[in-house]
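Enquirer: Show me the folded form of this:
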Amino acid sequence: MVLDEAQAIKNILSQRWNTLKEFQSRNRLLLTGTPIQNNMAELWALLNFVMPDLFDSH
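Expert: Numbering: from 1, shown residues only. Now for the predicted structure:
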């Protein structure tokens with residue numbers, strides 16, 4: 001799965017984040033032109049989306 005504009009899923013409470021998390025995929029890649037802000041919760045949301053086994057809890 002390749003997701004462009006990855007900053008759109010930085011909120012784990014959003015319907016978009018939860019819907020995309022339900023998709024089964026072997027690999028996930030996030031693309032964004034927007035710099036990551038200084039917010040650990042948003043960074044964790046992106047990392048958890050890509051590698052949920054490694055980043056299972058923030």
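
Enquirer: Now do the contacts for R28.
Expert: Going by C-beta atoms under 8 Å, 6 or more residues apart in numbering, R28 touches 1-3, 49-50. From N, CA and C alone the C-beta is placed, and that goes for glycine too.

Enquirer: List phi and psi for it.
Expert: Note on R28: its backbone torsions stand at phi -130, psi 140 [degrees, to the nearest 10].

Enquirer: Spatially central residue for this protein, please.
Expert: L46 (2.9 Å; C-alpha atoms, centre = their mean).

Enquirer: Double-check that it belongs to a helix.
Expert: Yes. When DSSP: H, G, I helix; E, B strand; the rest coil is applied, L46 is found to be in a helix.

Enquirer: Show the contacting residues for it.
Expert: Residues in contact with L46 (C-beta under 8 Å, 6+ apart) are 6, 9-10, 30, 36.

Enquirer: Identify, from the residues you listed, the entry nearest to H58.
Expert: K10 (12.4 Å; C-beta to C-beta).

Enquirer: Excluding chain neighbours, give the residue nearest to that closest one in space.
Expert: Nearest non-adjacent residue to K10, counting by C-beta to C-beta, 6 or more residues apart in numbering: E42, 4.0 Å away.

Enquirer: unless I'm mixing things up, that neighbour is touching N11, no?
Expert: Yes. With contact defined as C-beta atoms under 8 Å, E42 counts as touching N11 (7.4 Å).

Enquirer: Give me the buried positions along stretch 29-45.
Expert: Neighbour-count burial for stretch 29-45 flags 30, 42, 45 (criterion: 16 or more other C-beta atoms under 10 Å).

Enquirer: so how far is L3 from the last one?
Expert: Going from A45 to L3 by C-beta to C-beta, to the nearest Å gives 12 Å.

Enquirer: what is in contact with these two at once?
Expert: I9.

Enquirer: Would you map the strands across this structure?
Expert: 2-3, 29-30 (DSSP state E).

Enquirer: can you redo those as TSV with mean pLDDT and distance to K21?
Expert: Compiled in TSV, the strands of the chain are given as follows (pLDDT from 0 to 100; distance: least, C-beta to C-beta, whole Å):
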stretch	mean pLDDT	distance to K21
strand 2-3	94	11
strand 29-30	94	13
